[in-house]
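Chemist: Following is a predicted model, sequence given first.
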Amino acid sequence: MPGVHLTPNEVPLVDFSAFSSHGTVEEQKTAAEALLKAFRNVGFVYLTGHGVPEELVDETFAWSKKMFDLPYETKMLAPHPEDGAYHRGYSGLGREKVTQMDPTTQKGELASRKVPDVKENYEIGNDTDTALPNIWLPDDALPGFRPFMSSFFNRMTELARQLHLALAVGLGLPDTQTLLKAHLLERYQLRLLHYPPVSIKELRKGEKERIGAHTDFGTFTFLFQDSVGGLEVASLTNPDVFLPVKPIPGTVLVNVGDMLQRWTNDQLRSTMHRVRAPPPSDGEGEVTRARYSIPFFIGPDPGTIVQCLPGCEGEGGAKYEPVDCMEWIMERLRATY
Ligand SMILES: O=C(O)CCC(=O)C(=O)O
Ligand SMILES: [Fe+2]
């Protein structure tokens, strides 16, 4: 935008309509470059023109709230299994502790967590995924929930295909299908998150977390957040400082995950992010409002070996050994339970 100076830390807005509704080659190139610039800097971008109708997103939030409003015993009819790597179904308050591991070595945790996250979550996979079948509530517990979520899952999968293409164009990959071919099974993950009201003071002091600082494990993540706020990303210039990523209606956030960072030899950044208290507001009480958010995680097909993409070698060559994506992702998931 003329006259607007963005620092590398700011999360820019990119119009994605060239990919969501068949723009010209030139329009696609412009959008892909803007996307890549954001991913090289802050690692996050707000997409406008993404083509997912706002009413559909509002409806998804409404279903999510209806589900979390059910009695605990009902939600526990679709319990998340003990094994953290089987990431499906419902996890109650305090069940999950998001941890951060060293993305370069896969060894151990960077920060061991003292406090569980104050959140409950429900994870949904692709209904075609026979390796990790979905764990649905019985139909009569919330009639209509399952077909709605399945169709939202499919709509987001379509957006993911468009983003794989945009990434290939932006990275100048010789084969624009390269990333698509590594995601043929589309075993993605739709996550419904509810953060109940919690003491603002405790959140600000870090005595409680909504979600602890972490990077996402996969290729990239779409994130819808409600109007409450509280999402923060680590600053590029000072990783100890976290900057707010405010909600912008009608947009979807996209952030780079660990696998894409490795694929691009660190050219694109899988940035640490967390959810704390929303920015102070006039007349705020002692507790925050409840927050709802909906991430949709994109990860490669099992067995995909992630290694430096052509053109990403840079001067120093490939920095990482090839890694099997599943080993990396399962290891990180297990560490959260
Ligand atoms: O609730 C949010 O906005 C962030 C969620 C998140 O970062 C995650 O689930 O990985
Ligand atoms: Fe995340």
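Modeler: Received, thanks. Numbering: from 1, shown residues only. Ligands and ions are numbered 1, 2, ... in the order given.

Chemist: in the stretch 151-300 of the chain, which spans are helices?
Modeler: With DSSP state H, counting those that start in this stretch as the criterion, the stretch 151-300 of the chain has helices at 178-181, 200-204, 258-263.

Chemist: what's the most buried one of those?
Modeler: When the helices of the stretch 151-300 of the chain are scored by mean count of other Cβ atoms under 10 Å, the highest mean neighbour count falls to helix 258-263 (a mean of 26). For glycine as for every other residue, the C-beta is placed from the backbone atoms N, C-alpha and C.

Chemist: Report the distance from it to the chain centre.
Modeler: With Cα atoms, centre = their mean, to the nearest Å as the basis, the distance from the averaged C-alpha position of helix 258-263 to the chain average is 14 Å.

Chemist: Show me what it is in contact with.
Modeler: 39, 103, 167, 215-220, 268-270, 299-300, 306-309, 312, 320, 323, 325, 328-329, 332 (Cβ atoms under 8 Å, 6 or more residues apart in numbering).

Chemist: filter those by proximity to ligand 1?
Modeler: residue 216 (Cβ under 6 Å from any ligand atom).

Chemist: So which of the contacts of helix 258-263 belong to strands?
Modeler: 220, 306, 323 (DSSP state E).

Chemist: Helix or strand next in line after the helix or strand bottoming out on mean pLDDT in the chain, which one?
Modeler: The weakest-scoring helix or strand in the chain, judged by mean pLDDT, DSSP states H and E, is strand 109-111 (a mean of 45). Per DSSP states H and E, strand 109-111 leads on to strand 120-125 as the next helix or strand towards the C-terminus.

Chemist: Which elements pack onto that next one?
Modeler: Counting contacts by 3 or more Cβ pairs under 8 Å, 6 or more residues apart in numbering; DSSP states H and E, strand 120-125 packs against helix 54-68, strand 89-91, helix 145-171, strand 189-195.

Chemist: need the contact list for the spatially closest residue to residue 190 that is not a sequence neighbour.
Modeler: Spatially, and ignoring its direct neighbours in sequence, residue 190 is nearest to residue 124 (4.3 Å; Cβ to Cβ, 6 or more residues apart in numbering). Applying Cβ under 8 Å, 6+ apart to residue 124 gives the contacts 88, 134, 149-150, 153, 189-192.

Chemist: Could you work out the most separated pair of the residues you listed?
Modeler: By the measure Cβ to Cβ, the contacts of residue 124 have their two most distant members at 150 and 191, which lie 14.7 Å apart.

Chemist: In contact with residue 40, which residues?
Modeler: Taking Cβ under 8 Å, 6+ apart as the criterion, residue 40 is in contact with 267-269.
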